[in-house]
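Novice: Provide a 3D model corresponding to the input given below.
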Amino acid sequence: MEVLGIGLALLVLFVGFGVLIGILFGFFGMGGSFLVTPALIVMGYPTRVAVGSGLAFVFGTSVIGALRHRSLGQVDYKLAALMTVSVTAGIEAGKTVVLTLESMGLADTVISVAYVGLLGLVGAFVVYDSRGSSDDEDADAADDEESPGLFSGIRLPPMVSLMGAPSVSLWVILTVGLVVGVLAGFLGVGGGFLLMPAMMYGFGVPAAVAVGTDILQITISGGVGSFLYAQSGGVDLSIVAPLLAGSALGARIGTAATSLVDEDGIKIYFGLMLVGGAVAVAVRQVGNNYGLDVLNTVSLVIIVGSAVLVSGAVVYNSVRELRHRRVEQQQSSA
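Specialist: Residues are numbered from 1 along each chain as shown. Below is the predicted model:
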């Protein structure tokens, strides 16, 4: 009876966790492995099972999210294909750097410092940019125009037309994808938190399209990774199934929210999520350096807590916007 109770509690926990990550994934296009994998490790699952099950969950969630974003017309297939090729090549190069650092005994420290620095800088910049643009008096007038990205001025042919953005040089797209891939392979992450700002700020792609395109790219990479781990028995379906059941609902909520929350809102939530991740990794590294195991738990609490707060803010603002639109419709029909 006690075993049954524990099993039921785990089932409810995994379903609820799946809803939470599904909302974040559908809204930001970030894979859920950065939450699932450390949580499973803290719960006592072997690292191989934690990583493999996390990848399998990301693959299943990304399929749900990609289909939903496709129905909303928020996926640029050309950009997703080009990014997948270049990011994959970059990841292999990044792994080579990691192996070199491991042979020198510097991998853990260098990667953790780089991860905290990159997450913190990108998150702080996105928050700053979103707050600055929301205060711009001309922002509303510019919403309907294509906003040029940082690399739009490089007119090296052939040029690739992008959804909702100016055309960008093919070589620029491949180079950016390669750099993101190197960083992703070096840091051991999927690269979603790098690809989304790269497409928004580098190419001028609208935030909603950047999210949808990012999710499609993650679908491919997550599928390959989960297949490889499944071959070695690293995927536990008793974990993945309830997570996917919850994320099926969460991903639909998060994806729908991208069409309700304005672009600056998406950016600022994304930035806050990255800053929370940077703080969590920094706390974990301090714990590892000084042998304080309790800080590993504190790190997990920080990142899960920030995820709960951000996903709650996404849902709250979406519901508020829906109510606002209904009031406007009632007033216009009166």
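
Novice: contacts for the one helix or strand G177 maps to?
Specialist: According to DSSP states H and E, G177 maps onto helix 170-187. With contacts defined as C-beta atoms under 8 Å, 6 or more residues apart in numbering, helix 170-187 is touched by 79, 82-83, 85-95, 97-98, 111, 114-115, 118, 151, 154, 156-160, 190-191, 194-195, 198, 202-203. (C-beta placed from N, C-alpha, C; glycine too.)

Novice: just the ones of those in helices?
Specialist: Among those, the members found in helices (DSSP state H) are 79, 82-83, 85-95, 97-98, 111, 114-115, 118, 194-195, 203.

Novice: tell me, how many neighbours does the closest residue to G164 other than its chain neighbours end up with?
Specialist: Distances taken as C-beta to C-beta, 6 or more residues apart in numbering place P206 nearest to G164, at 4.4 Å, with adjacent residues excluded. P206 has 22 neighbouring residues, counting by other C-beta atoms under 10 Å.

Novice: just to revisit the earlier point, pLDDT on the helix holding G177, on average?
Specialist: When pLDDT is averaged along helix 170-187, the result is 83.

Novice: and that helix, what's buried?
Specialist: Residues of helix 170-187 classed as buried by neighbour count (16 or more other C-beta atoms under 10 Å): 172-187.

Novice: select only the buried ones of the ones in helices among the contacts of helix 170-187 in PyMOL?
Specialist: Under the burial definition 16+ other C-beta under 10 Å, those of the ones in helices among the contacts of helix 170-187 that qualify are selected in PyMOL by:
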select buried, resi 79+82+83+85+86+87+88+89+90+91+94+97+98+111+115+118+194+195+203
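
Novice: buried residues in the helix or strand where G212 lies?
Specialist: Assigned by DSSP H and E, G212 belongs to helix 207-231. With burial defined by 16+ other C-beta under 10 Å, the residues of helix 207-231 counted as buried are 207-223, 225-226, 229-230.

Novice: name the helix or strand for the closest residue to G234 other than its chain neighbours, please.
Specialist: Nearest residue to G234, sequence neighbours excluded (C-beta to C-beta, 6+ apart): G52, at 2.8 Å. According to DSSP H and E, G52 maps onto helix 47-71.

Novice: tell me the angle that helix makes with helix 207-231.
Specialist: Angle, helix 47-71 to helix 207-231, by axes from the mean of the first three to the mean of the last three C-alpha atoms, to 10 degrees: 140 degrees.

Novice: elements contacting helix 47-71?
Specialist: helix 2-28, helix 33-42, helix 207-231, helix 237-257 (3 or more C-beta pairs under 8 Å, 6 or more residues apart in numbering; DSSP states H and E).

Novice: please identify which of these is closest to E328.
Specialist: Nearest to E328 among the helices and strands packed on helix 47-71 is helix 237-257 (18.4 Å), distances taken as C-beta to C-beta.

Novice: then that closest one to PDB, C-alphas only?
Specialist: The C-alpha trace of helix 237-257 is given here as PDB (Å, rounded to 0.1, in the frame of the first residue of the first chain):
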ATOM      1  CA  LEU A 237       9.200   5.300 -19.900                       C
ATOM      2  CA  SER A 238       7.700   5.400 -16.400                       C
ATOM      3  CA  ILE A 239       9.300   8.800 -16.100                       C
ATOM      4  CA  VAL A 240       8.800  10.100 -19.700                       C
ATOM      5  CA  ALA A 241       5.100   9.100 -20.100                       C
ATOM      6  CA  PRO A 242       3.600  11.100 -17.200                       C
ATOM      7  CA  LEU A 243       5.900  14.100 -18.000                       C
ATOM      8  CA  LEU A 244       4.600  14.100 -21.600                       C
ATOM      9  CA  ALA A 245       1.000  13.800 -20.500                       C
ATOM     10  CA  GLY A 246       1.400  17.000 -18.500                       C
ATOM     11  CA  SER A 247       3.500  18.800 -21.100                       C
ATOM     12  CA  ALA A 248       0.800  18.100 -23.800                       C
ATOM     13  CA  LEU A 249      -1.400  20.500 -21.900                       C
ATOM     14  CA  GLY A 250       1.300  22.900 -20.800                       C
ATOM     15  CA  ALA A 251       2.800  23.200 -24.300                       C
ATOM     16  CA  ARG A 252      -0.600  24.200 -25.700                       C
ATOM     17  CA  ILE A 253      -1.000  26.800 -23.000                       C
ATOM     18  CA  GLY A 254       2.500  28.200 -23.600                       C
ATOM     19  CA  THR A 255       2.200  28.300 -27.300                       C
ATOM     20  CA  ALA A 256      -1.200  30.000 -27.200                       C
ATOM     21  CA  ALA A 257       0.300  32.600 -24.800                       C
END
